[in-house]
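Peer 1: output the structure for:
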Amino acid sequence: MRFVSLALALSLVAAPAWADELSEWKAQAARISIVRDDWGIAHVKGKTDADAVFGMAYAQAEDDFNRVETNYLTNLGRMAEAEGEKAVWQDLRMRLYVDPADLQAKYRESPAWLRALMDAWADGLNYYLATHPQTKPRVLTRFEPWMALSFTEGSIGGDVERIPLADLEAFYGGTRNAAVAEFAFRDPPGSNGIALSPRVTKDGHALLLINPHTSFFFRSELQMTSEEGLNAYGAVTWGQFFIYQGFNEKAGWMHTSSGVDVVDEFAETVIRTPGTLMYRYGREARPVAVKDVTVRFRAADGTLKSRTFTTYRTHHGPITRAADGKWIATALMFKPIEALQQSFLRTKATDLPGFLKVAELKANSSNNTLYADARGQTAYLHPQFIPKRDDRFDYTKPVDGADPATDWQGLHALSDAPTVIDPKAGWIYNSNNWPYSAAGTDSPKRAAFPRYMDTAGETPRGLHAIRVLDGRSGFTIEGLRAAAYDPDLPAFDRLIPKLLEAYGLASPDQKAELAGQVAALKGWDRRWGVDSTETSLAVFWAEALWAKSAAGAKAAGMTTYEYMVEKSPSADRISALEEASARLTADFGSWKTPWGEINRFQRLSGDIVQTFRDDGPSVAVPFTAGTWGSLASFASRRYPGTKRYYGTSGNSFVAVVEFGPKVKAIAISAGGESGHAGAKHFNDQAERYAKAALREVYFYPEQLQGHTERSYRPGE
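Peer 2: Numbering: from 1, shown residues only. This is a model prediction of the structure:
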């Protein structure tokens, strides 16, 4: 590794020569209109798809340029140029896969239509910067079209984030790996998708629930339309030029994080010979590919410095860590051209055959998809990038890279994966659980698929979804909305009986101390609510038990929840209740504290990393973290200086869509559309969000009549 000090050269940060391009951008802007509705949501219309992309990139920058830039600093491996040396390892991890020169070459190789969209995307962002000199980028003073290929998929965390940074630093930094497992409760990310066929709906139209559980304010909400057949509405990850989760006039799609295994580790046997590094593969020795990667970072004095790392790669992928005397290579999907094509083209698909044709690009590695359309078809699709492997090997652990039998053997056909199309049950769902309960008795059969098709298993949210769907009919938009906010917490259906067993074994003093708490939980209907004191006690108890159980669960190879149910000692169950009671009493005066007094939504600033204050304005939220089986998720916790819980992820965008002769939809976003504190639309949806009061989506121009705040062209 080499250290190089760089002067903060003016050539690196000088403002772009906008003048040469402004006339072209103005001409394109003249073909674009942006209508802001009374929630501040942008409805962008262009003559061509490229015009629509230009306009939506511009509109996103208006709403929150900081988040647009941050996403590209992350995905280009340049975050340390803004955040300092602490982000070097995050950047190095990304740069093991993303090389600017390679992306530039891939841009040149891309189809002409895709290059036109990338050009328009960069032009829209650059036009925004040229016309808003008050916006000061932290790093990216100019966007280049090829940069769009660094961020093509839209998920809250890309596959690369599965590589632990502490292990990467230990390998390439020569540091001692002092990483300690963190066992405090954290709600796992996830989402809900439900597709209902006409046979179970009141009006004979398909319905779709779109309910991603992500970090709050991670996506904007907008509509993009062109005269080339584009007319899509929904959630857009900041800085991308496609609707990630949403619908057009004829079809809708919802992505949920998948449990399919698509990121694998290969343990390489390295042979050190004079002058070169080799690794064992079958009976041969192959050379390890060696490449220097330079990561720049912002020093404390504001100057740019850099660190250069010598990195290593085998045919399995880059080396990301060492374990048990072997170097570990990590294999994952890297198909930026195909991924960007698939992400955009599916927004224009109007029926299931067209949607499946786009899926044949096989560039979706991490998302299950729920689909519904105006023809009444519904579907569940597994991710399309699924490597074929020998199922004798356990790919949840590093496999022997020296054994050719462990290699990926191409990709599965779409028909090889668990799929559901138009089930007799009339409903399909996914809540980040396995696909083997997606449609009741019409679900794919687990025994028919390799083990690596799912590593998630069943979850309390999955069981809850079945409870609100199975055997029901007559669904309307409002009925599906109500199902998505059903207040049951089925995780406690299994946890509380175990607590009652433990209470029977407790000491007389413990029984006397906890009699009221146990009686309250025993009689509880296991439903969340702002006035529910039992919800507060149950959540605090379960979180305390989680902290006691996580290490044992990891050692046993179980999920923490299953370990809590099946393996946690009775003493831990009782002591967790004692701790929960004591903390509620210390922080709020009584263990009988209503959940709404504790669980709050608060948005004080537009900062990406939020801060919270108990004396600041906030809104009571009735639903809990999804871990406990709540379909509506609000992942909250205490923060430095707070006693109340504040949410930062969970229900971030919710939409219910009906595909009739005309598409109808209702939706809500966490907080508001604008990222600018003090703006009208910064926090105007907070009360509705907490009350599950979804608003009408203005999809058609006639719906915007009387609901328009501003109509303009980019640059005006």
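Peer 1: list the contacts for Trp146?
Peer 2: Each residue near Trp146 by C-beta atoms under 8 Å, 6 or more residues apart in numbering is listed here: 100, 103-104, 106-107, 118. C-betas here are computed from N, CA, C, even on glycine.
Peer 1: next, count neighbours for the closest residue to it other than its chain neighbours.
Peer 2: Closest residue to Trp146 in three dimensions, ignoring its sequence neighbours and counting by C-beta to C-beta, 6 or more residues apart in numbering: Tyr107, at 3.8 Å. Counted with other C-beta atoms under 10 Å, residues neighbouring Tyr107 total 20.
Peer 1: mind checking which helix or strand Tyr107 is in?
Peer 2: Tyr107 is part of helix 100-109, with elements assigned from DSSP states H and E.
Peer 1: I'd like to know which elements that helix is packed against.
Peer 2: Using 3 or more C-beta pairs under 8 Å, 6 or more residues apart in numbering; DSSP states H and E as the contact criterion, the elements in contact with helix 100-109 are helix 336-345.
Peer 1: got a list of contacts for the helix it packs on?
Peer 2: Here helix 336-345 makes contact (C-beta under 8 Å, 6+ apart) with 103, 106, 109-111, 114, 117-118, 148-150, 152-154, 240-242, 244, 333, 358-359, 361-364, 384.
Peer 1: filter the residues you listed to the buried ones?
Peer 2: 103, 106, 110, 114, 117-118, 148-150, 152-154, 240-242, 244, 333, 358-359, 361-364, 384 (16 or more other C-beta atoms under 10 Å).
Peer 1: check which residues of stretch 416-429 are buried.
Peer 2: The neighbour-count criterion (16+ other C-beta under 10 Å) identifies 417-418, 420, 422-423, 425-429 as the buried residues of stretch 416-429.
Peer 1: pull up the distance across it, start to finish.
Peer 2: Across stretch 416-429, the straight-line distance between its terminal residues is 20 Å, by C-alpha to C-alpha, to the nearest Å.
Peer 1: that one: how far from the chain's middle?
Peer 2: Relative to the chain's own centre, stretch 416-429 is displaced by 23 Å; criterion: C-alpha atoms, centre = their mean, to the nearest Å.
Peer 1: quick check, Ala267 in contact with Val399.
Peer 2: Yes. Counting by C-beta atoms under 8 Å, a contact exists between Ala267 and Val399, whose distance comes to 6.9 Å.
Peer 1: from Leu704, how far off is Tyr244?
Peer 2: According to C-beta to C-beta, to the nearest Å, Tyr244 and Leu704 sit 23 Å apart.
Peer 1: what helix or strand is Thr593 located in?
Peer 2: No secondary structure element spans Thr593, as it lies outside all helices and strands (assigned by DSSP H and E).
Peer 1: show the pLDDT at it.
Peer 2: The confidence metric pLDDT takes the value 98 at Thr593.
Peer 1: any idea of the angle the helix holding Tyr107 forms with helix 336-345?
Peer 2: When axes from the mean of the first three to the mean of the last three C-alpha atoms, to 10 degrees is applied, the directions of helix 100-109 and helix 336-345 differ by 60 degrees.
Peer 1: check which residues of the helix or strand following helix 100-109 are buried.
Peer 2: Downstream of helix 100-109, the next assigned helix or strand under DSSP H and E is helix 112-131. Taking 16+ other C-beta under 10 Å as the basis for neighbour counts, the residues of helix 112-131 that come out buried are 114-131.
Peer 1: many thanks, have a good one.
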